[in-house]
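**Student:** Any chance you can model this:
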Amino acid sequence: MTLQDWQKLKSGTDIRGTASEDPSGEPVDLTDEVVTALAQAFYMWLQQRTGKRTVAVAVGHDSRVSAPRLERCAVHGICACGGKAVATGLSSTPSMFMLLQSPRFGCDGSIMLTASHLPARKNGMKFFTREGGLESEDIAELISLAHKGKFPAGAGEVVRRSFMPEYSRSLVNLARRRTGEAEPLKGKHIIVDAGNGAGGFFVTDVLQPLGADTSGSQFLEPDGTFPNHIPNPENKAAMESIRNAVRENNADLGIIFDTDVDRAGAVDKDGKEINRNRLIALISAIILEEEPGAYIVTDSVTSDGLTQFIAAHGGVHCRFKRGYKNVINEAKRLCEEGKDAPLAIETSGHAALKENYFLDDGAYLVTRLLIALARRAKEGKDLSSLIADLPMPAEEAEIRPTFVDPDSDFKSLGADILRQLVRHARMTRYIRLAPDNREGVRMNFDKAHGDGWVLVRMSLHEPILPVNCESNSEGGCALLIREIYAFLKNFSCLDLTAFKKYL
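**Tutor:** Sure, this is the predicted structure:
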């Protein structure tokens, strides 16, 4: 493989690629050799960072069908360098970081084999040290080391040991400690949709020990073909599935996880989604009751209503860039400045709390919601009462136009489009550029021209120019989308089919 081929596997702070053959004929690029070399590169990288001659690395995976093969390759790579490989089997991504905080487990780094919510044929690698997940520049360094292929040689050892029981107990203990009760969820009917990913443990190892009735929970069995729906809280079919389950079982709360459990969504007892802005508002309300005046850091596509809600609850909304690592790093930066920023959360469901190492952990987020649920129940209230005052738009929409040539320098093309959009906005009397914008171009439109806002930005990694909008008036989104379409149709590098379908 050329260095360019290796670099195509980089997806922000992860490795992502095709791990299984499929009818489309898309070539497998996460081959045995590639996965082995990346594990060896990480081992070598850890040696350099720790100063240790022999390093212990844990390897876990989600439910994908390619997981056993990738695990064998990663374990082989570690052992071939003379290291100790700890194979943890089916694991959640957050547990692969948390095991590094356990001196008893004795690992210096970990590899999680997952591609989150991507199709079943995909897979990937996430890397952790005791300080957190690797940054983008670290992944670039691993790729460079893997491409060079010069690794230490030795004869290592393999042990098999799951960390999931210990991880689950920590969540149970958190709920018991915060509520002062052994079974704070007794009398509550809570169901989980794991989407056949790695999240089924939450039913048997967390909810049931806390006293919850979990009957009606679905798709808990690991199955990497994902036969029921994509395990993704942002997927409409997935959310509709858990909403139906809540209504059919008359449950008090529904929970849905993504494949590797670093994201979550919820559904209230009426079958209404607690997702995106509503999920951010809910955990923000919980945090702000405990820490008045705190900064809540979110990504760029959150609503103006959320900003009003956070302010009304005594907090400060800091809207930042898309990408969960970007949001987390901004919260950390604010903390270093002496500001209280206990929560970093994306609309996708990635939520990281300072109290939990700023780890984006769907199961920890849900446990915090359950603690609030138990407390509110004593007052005769439910979770949704915490966000009853959240202003909601009349309409919202997302359009994702693509670049015609994905192999072009689409980042430069996109940057030029955004520069011209800024000029267009400044010359248009009914458009006002948002003063607190951190990414792309966010514009506010007056009542006669859409009564809302539009954000146009570049995707972090893909040849896509996403357009998000919200309107406070019925029919407003169509006006907003029509306005942006009229501007973007001047650029032949864009495929605007998505706009035409919407309009």
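**Student:** Can you pull the domain assignment for the protein?
**Tutor:** 3-162, 167-387, 395-502 (automatic domain parsing).
**Student:** got those as JSON lines, with mean neighbour count and mean pLDDT columns?
**Tutor:** Where you see a C-beta, it was placed from the backbone N, CA and C, and this is true even at glycine. As requested, the domains of the chain are exported to JSON lines (neighbours: other CB atoms under 10 Å; pLDDT from 0 to 100):
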{"stretch": "domain 3-162", "mean neighbour count": "19", "mean pLDDT": "95"}
{"stretch": "domain 167-387", "mean neighbour count": "21", "mean pLDDT": "97"}
{"stretch": "domain 395-502", "mean neighbour count": "17", "mean pLDDT": "95"}
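**Student:** center of this protein - which residue?
**Tutor:** For the chain, the residue nearest the mean C-alpha position is His350 (3.7 Å; CA atoms, centre = their mean).
**Student:** Could you list everything that one pairs with in the sheet?
**Tutor:** Arg263 (DSSP bridges).
**Student:** That one: what's it in contact with?
**Tutor:** With contact taken as CB atoms under 8 Å, 6 or more residues apart in numbering, His350 is in contact with Asp262, Arg263, Tyr324, Val327, Asp360.
**Student:** Please repeat the previous calculation with a cut-off of 7 Å.
**Tutor:** Asp262, Arg263, Tyr324, Asp360 (CB atoms under 7 Å, 6 or more residues apart in numbering).
**Student:** same question, Leu288
**Tutor:** Neighbouring residues of Leu288 by CB under 7 Å, 6+ apart: Ala294, His313, Gly314, Gly315.
**Student:** 6 Å instead?
**Tutor:** His313, Gly314, Gly315 (CB atoms under 6 Å, 6 or more residues apart in numbering).
**Student:** what do you get for Leu455?
**Tutor:** Neighbouring residues of Leu455 by CB under 6 Å, 6+ apart: Val301, Gly440, Arg442, Asn468.
**Student:** mind pulling up the phi and psi values for the closest residue in space to the second one that isn't next to it in sequence?
**Tutor:** With sequence-adjacent residues excluded and distances taken as CB to CB, 6 or more residues apart in numbering, Gly440 is closest to Arg457, at 2.6 Å. In terms of degrees, to the nearest 10, the main-chain angles of Arg457 are phi -150, psi 170.
**Student:** do the one 10 residues further on as well
**Tutor:** With angles defined as degrees, to the nearest 10, Val467 sits at phi -130, psi 120.
**Student:** Please name the residues that touch it.
**Tutor:** Residues in contact with Val467 (CB under 6 Å, 6+ apart) are Ile399, Val456, Ile484.
**Student:** Please name the nearest non-neighbouring residue to it.
**Tutor:** Counting by CB to CB, 6+ apart, the residue nearest Val467 is Ile399, at 4.4 Å.
**Student:** same thing with Asn232?
**Tutor:** His117 (3.6 Å).
**Student:** how close does the one you found sit to Ala281?
**Tutor:** 23 Å (CB to CB, to the nearest Å).
**Student:** same check, this time on Glu33
**Tutor:** From Glu33 across to Ala281, the span is 47 Å (CB to CB).
**Student:** Now the closest residue to Pro27 other than its chain neighbours. Its backbone dihedrals?
**Tutor:** Spatial nearest neighbour of Pro27, chain neighbours left out: Thr18 (6.8 Å); criterion: CB to CB, 6+ apart. Main-chain torsions, Thr18, degrees, to the nearest 10: phi -90, psi 120.
**Student:** looking at it, Gly476 is touching Trp453, isn't it?
**Tutor:** No. Gly476 lies out of contact with Trp453 (CB atoms under 6 Å); the separation is 10.2 Å.
**Student:** May I ask you to confirm that Asn468 belongs to a strand?
**Tutor:** Yes. According to DSSP: H, G, I helix; E, B strand; the rest coil, Asn468 belongs to a strand.
**Student:** which ones are touching it?
**Tutor:** Val301, Glu398, Leu455.
**Student:** distance of it from Gly452?
**Tutor:** From Asn468 to Gly452 the distance is 10 Å (CB to CB).
**Student:** next one: Leu494
**Tutor:** 22 Å.
**Student:** Just give the nearest non-adjacent residue to Val65, would you?
**Tutor:** Val65 sits nearest to Gly224 (CB to CB, 6+ apart), 3.9 Å away.
**Student:** In three-state terms, how would the one you found be classified?
**Tutor:** coil.
**Student:** Test my guess that it contacts Arg64.
**Tutor:** Yes. The criterion here is CB under 6 Å, and Gly224 meets it with Arg64 at 4.0 Å.
**Student:** and the next element down the chain from the helix or strand encompassing Asn326?
**Tutor:** Taking DSSP states H and E as the definition, Asn326 sits inside helix 324-336. Where DSSP H and E defines the elements, the next helix or strand beyond helix 324-336 is strand 343-345.
**Student:** And the residue nearest to Val467, how close does it get to Cys477?
**Tutor:** Counting by CB to CB, the gap from Ile399 to Cys477 is 10 Å.
**Student:** and if you look at Leu90?
**Tutor:** The gap separating Leu90 from Cys477 is 42 Å, by CB to CB.
**Student:** related to what we said a few turns ago, looking at the contacts of Leu455, which is nearest Asp382?
**Tutor:** Val301 (27.3 Å; CB to CB).
**Student:** Return stretch 317-332 as CSV; C-alpha atoms alone will do.
**Tutor:** Written as CSV, here are the backbone C-alpha positions of stretch 317-332 (Å, rounded to 0.1, in the frame of the first residue of the first chain):
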residue,chain,number,x,y,z
HIS,A,317,-24.3,28.1,26.1
CYS,A,318,-21.0,27.8,24.2
ARG,A,319,-21.7,26.7,20.7
PHE,A,320,-18.6,25.2,19.0
LYS,A,321,-17.5,23.1,16.1
ARG,A,322,-19.0,19.7,15.0
GLY,A,323,-17.0,16.6,16.0
TYR,A,324,-17.1,15.2,19.5
LYS,A,325,-13.4,15.6,20.0
ASN,A,326,-13.7,19.3,19.1
VAL,A,327,-16.5,19.8,21.6
ILE,A,328,-14.7,17.9,24.4
ASN,A,329,-11.4,19.7,23.8
GLU,A,330,-13.2,23.1,23.9
ALA,A,331,-14.7,22.2,27.3
LYS,A,332,-11.3,21.2,28.5
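**Student:** gap between that stretch and the chain center?
**Tutor:** 12 Å (CA atoms, centre = their mean, to the nearest Å).
**Student:** One more: stretch 201-210?
**Tutor:** 22 Å.
**Student:** Just the CA trace of that stretch, in CSV.
**Tutor:** The C-alpha trace of stretch 201-210 is given here as CSV (Å, rounded to 0.1, in the frame of the first residue of the first chain):
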residue,chain,number,x,y,z
PHE,A,201,-25.5,-5.6,28.9
PHE,A,202,-27.2,-2.5,30.2
VAL,A,203,-30.5,-4.5,30.8
THR,A,204,-29.1,-7.4,32.7
ASP,A,205,-26.1,-5.8,34.4
VAL,A,206,-27.3,-2.3,35.2
LEU,A,207,-31.1,-1.8,35.0
GLN,A,208,-32.2,-5.1,36.6
PRO,A,209,-29.8,-4.8,39.6
LEU,A,210,-31.2,-1.3,40.1
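**Student:** can you list contacts of that stretch?
**Tutor:** So stretch 201-210 is contacted by 164, 168, 171-172, 175, 183-185, 190, 192, 214, 217, 220, 363 (CB under 6 Å, 6+ apart).
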